[in-house]
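**Q** Make a model of this:
(one chain, ligands or ions: 2)
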Amino acid sequence: MKCYSHKDEDAIGSCKTCNKGICKNCSVEVSRYLYCRDCAASGHIGPAINPLSKKDPTIALLFGLVPILLSLCGLGQMYVGRVKRGLAFLFLGWIFAILNFVGLIFVVGLCITTPLTFVFIIWQAYDAYKLAKQYNDYLDKTGKPPW
Ligand SMILES: [Zn+2]
Ligand SMILES: [Zn+2]
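**A** Ligands and ions are numbered 1, 2, ... in the order given. Alright, predicted model coming up:
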(Lines give C-alpha, C1' and ligand atoms only; values in the text may rest on other atoms or scores of the structure.)
(Ligands and ions follow the chains in the order given, each with its own letter.)
Protein backbone atom coordinates (compact mmCIF):
# COMPACT_ATOMS: atom_id res chain seq x y z
CA MET A 1 0.00 0.00 0.00
CA LYS A 2 1.20 3.51 -0.86
CA CYS A 3 0.57 6.79 0.92
CA TYR A 4 -2.58 8.61 -0.29
CA SER A 5 -0.72 11.84 -0.92
CA HIS A 6 2.79 10.58 -1.73
CA LYS A 7 2.27 8.00 -4.43
CA ASP A 8 5.84 6.71 -4.28
CA GLU A 9 6.04 6.52 -0.51
CA ASP A 10 5.18 3.24 1.21
CA ALA A 11 2.38 3.54 3.72
CA ILE A 12 3.25 2.66 7.30
CA GLY A 13 -0.38 2.08 8.10
CA SER A 14 -3.87 3.23 7.34
CA CYS A 15 -5.97 5.95 8.87
CA LYS A 16 -8.24 4.59 11.58
CA THR A 17 -11.08 6.84 10.40
CA CYS A 18 -10.96 6.86 6.59
CA ASN A 19 -8.70 3.86 5.91
CA LYS A 20 -6.39 5.73 3.50
CA GLY A 21 -2.79 4.57 3.34
CA ILE A 22 -0.50 6.97 5.16
CA CYS A 23 3.29 7.39 5.16
CA LYS A 24 5.37 8.41 8.16
CA ASN A 25 5.07 12.11 7.31
CA CYS A 26 1.31 12.04 6.85
CA SER A 27 0.42 10.07 9.91
CA VAL A 28 -0.64 11.42 13.26
CA GLU A 29 -0.67 9.06 16.18
CA VAL A 30 -3.41 9.48 18.75
CA SER A 31 -3.68 7.03 21.63
CA ARG A 32 -1.88 4.23 19.78
CA TYR A 33 -3.92 4.64 16.58
CA LEU A 34 -2.79 6.24 13.35
CA TYR A 35 -4.77 8.90 11.53
CA CYS A 36 -4.17 10.84 8.34
CA ARG A 37 -3.55 14.58 8.62
CA ASP A 38 -6.98 15.38 7.12
CA CYS A 39 -8.85 13.42 9.75
CA ALA A 40 -6.62 14.65 12.55
CA ALA A 41 -7.15 18.25 11.40
CA SER A 42 -10.92 17.89 11.17
CA GLY A 43 -11.05 16.22 14.55
CA HIS A 44 -12.28 12.83 13.34
CA ILE A 45 -10.15 11.07 15.86
CA GLY A 46 -12.65 10.01 18.45
CA PRO A 47 -11.84 6.81 20.28
CA ALA A 48 -11.98 4.14 17.61
CA ILE A 49 -14.74 1.65 18.11
CA ASN A 50 -13.08 -1.70 18.43
CA PRO A 51 -14.77 -4.10 16.02
CA LEU A 52 -13.81 -7.02 18.23
CA SER A 53 -16.24 -7.42 21.05
CA LYS A 54 -15.02 -8.31 24.47
CA LYS A 55 -15.76 -11.51 26.29
CA ASP A 56 -17.91 -11.14 29.35
CA PRO A 57 -16.22 -13.04 32.21
CA THR A 58 -19.58 -13.49 33.93
CA ILE A 59 -21.05 -15.21 30.88
CA ALA A 60 -17.94 -17.39 30.67
CA LEU A 61 -18.44 -18.31 34.32
CA LEU A 62 -22.14 -19.07 33.79
CA PHE A 63 -21.32 -21.28 30.81
CA GLY A 64 -18.81 -22.99 33.04
CA LEU A 65 -21.55 -23.81 35.54
CA VAL A 66 -23.75 -25.56 32.94
CA PRO A 67 -22.30 -29.01 33.83
CA ILE A 68 -24.01 -28.81 37.22
CA LEU A 69 -27.17 -29.55 35.20
CA LEU A 70 -25.76 -31.20 32.08
CA SER A 71 -22.52 -33.08 31.43
CA LEU A 72 -21.25 -30.34 29.18
CA CYS A 73 -17.99 -28.95 30.46
CA GLY A 74 -15.78 -26.56 28.54
CA LEU A 75 -18.57 -24.32 27.21
CA GLY A 76 -17.02 -21.31 28.92
CA GLN A 77 -13.68 -21.94 27.22
CA MET A 78 -15.42 -22.31 23.85
CA TYR A 79 -17.26 -19.02 24.42
CA VAL A 80 -13.94 -17.28 25.04
CA GLY A 81 -12.61 -18.80 21.81
CA ARG A 82 -10.36 -21.53 23.24
CA VAL A 83 -12.17 -24.31 21.42
CA LYS A 84 -9.48 -26.99 21.82
CA ARG A 85 -9.19 -26.30 25.53
CA GLY A 86 -12.98 -26.40 25.78
CA LEU A 87 -13.06 -29.77 24.01
CA ALA A 88 -10.45 -31.12 26.42
CA PHE A 89 -12.63 -30.05 29.35
CA LEU A 90 -15.71 -31.50 27.63
CA PHE A 91 -13.91 -34.84 27.26
CA LEU A 92 -12.69 -34.76 30.87
CA GLY A 93 -16.24 -33.95 31.96
CA TRP A 94 -17.49 -37.08 30.24
CA ILE A 95 -14.86 -39.14 32.01
CA PHE A 96 -16.16 -37.72 35.29
CA ALA A 97 -19.72 -38.54 34.21
CA ILE A 98 -18.70 -42.16 33.55
CA LEU A 99 -16.86 -42.29 36.88
CA ASN A 100 -19.99 -40.99 38.59
CA PHE A 101 -22.07 -43.64 36.86
CA VAL A 102 -19.66 -46.33 38.04
CA GLY A 103 -19.74 -44.66 41.45
CA LEU A 104 -23.52 -45.08 41.51
CA ILE A 105 -23.11 -48.83 41.21
CA PHE A 106 -20.53 -49.01 43.96
CA VAL A 107 -22.23 -46.58 46.32
CA VAL A 108 -19.03 -45.89 48.19
CA GLY A 109 -17.56 -44.51 44.96
CA LEU A 110 -19.97 -41.58 45.04
CA CYS A 111 -18.26 -40.28 48.14
CA ILE A 112 -15.12 -39.82 46.04
CA THR A 113 -16.35 -39.09 42.52
CA THR A 114 -19.07 -36.59 43.39
CA PRO A 115 -16.85 -34.18 45.35
CA LEU A 116 -14.12 -34.60 42.69
CA THR A 117 -16.59 -33.80 39.92
CA PHE A 118 -17.76 -30.76 41.82
CA VAL A 119 -14.19 -29.50 42.22
CA PHE A 120 -13.57 -30.15 38.53
CA ILE A 121 -16.68 -28.20 37.48
CA ILE A 122 -15.74 -25.21 39.66
CA TRP A 123 -12.18 -25.32 38.32
CA GLN A 124 -13.16 -25.33 34.65
CA ALA A 125 -15.75 -22.57 35.27
CA TYR A 126 -13.12 -20.43 36.98
CA ASP A 127 -10.68 -21.18 34.16
CA ALA A 128 -13.22 -19.85 31.62
CA TYR A 129 -13.71 -16.73 33.75
CA LYS A 130 -9.95 -16.11 33.90
CA LEU A 131 -9.57 -16.67 30.14
CA ALA A 132 -12.29 -14.09 29.42
CA LYS A 133 -10.44 -11.52 31.55
CA GLN A 134 -7.15 -12.39 29.87
CA TYR A 135 -8.86 -11.99 26.48
CA ASN A 136 -10.13 -8.50 27.36
CA ASP A 137 -6.81 -7.35 28.82
CA TYR A 138 -4.96 -8.43 25.70
CA LEU A 139 -7.56 -6.84 23.44
CA ASP A 140 -7.24 -3.56 25.37
CA LYS A 141 -3.45 -3.54 25.11
CA THR A 142 -2.99 -4.65 21.51
CA GLY A 143 -6.36 -4.27 19.79
CA LYS A 144 -6.09 -7.92 18.74
CA PRO A 145 -7.52 -11.07 20.25
CA PRO A 146 -4.86 -13.12 22.08
CA TRP A 147 -5.68 -16.38 20.28
ZN1 LIG B 1 -8.21 9.78 7.58
ZN1 LIG C 1 2.49 10.72 2.75
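**Q** Spell out which residues of the protein are next to ligand 1.
**A** Taking C-beta under 5 Å from the ion as the contact definition, the chain meets ligand 1 at 15, 17, 18, 36, 39. In this view, the C-beta of every residue, glycine as well, is placed from N, C-alpha and C.
**Q** How many residues are close by the second one?
**A** Meaning residue 17. By the criterion of other C-beta atoms under 10 Å, residue 17 has 19 neighbours.
**Q** so it makes contact with residue 35?
**A** Yes: with contact defined as C-beta atoms under 8 Å, residue 17 reaches residue 35; the gap is 6.0 Å.
**Q** the strands in this protein, which residues?
**A** 13-14, 21-22, 27-30, 33-36 (DSSP state E).
**Q** of all those, which lies closest to residue 54?
**A** Taking C-beta to C-beta, strand 33-36 is the member of those nearest to residue 54, at 17.7 Å.
**Q** biggest helix in the protein, by residue count?
**A** helix 110-142 (DSSP state H).
**Q** Most neighbours among the residues of the chain next to ligand 1, which one?
**A** residue 36 (27 neighbours).
**Q** tell me the contacts of that residue?
**A** 4, 15, 17, 18, 20, 22, 26, 27, 28 (C-beta atoms under 8 Å, 6 or more residues apart in numbering).
**Q** again with residue 24
**A** 9, 12.
**Q** what do you get for the one 3 residues further on?
**A** Contacts of residue 27 were listed using C-beta under 8 Å, 6+ apart, and they are 12, 13, 15, 34, 35, 36, 37.
**Q** let's go with 7 Å and repeat that
**A** By C-beta atoms under 7 Å, 6 or more residues apart in numbering, the contact set of residue 27 is 12, 13, 34, 36.
**Q** Kindly report the same for residue 117.
**A** With the criterion set at C-beta under 7 Å, 6+ apart, residue 117 makes contact with 96, 100.
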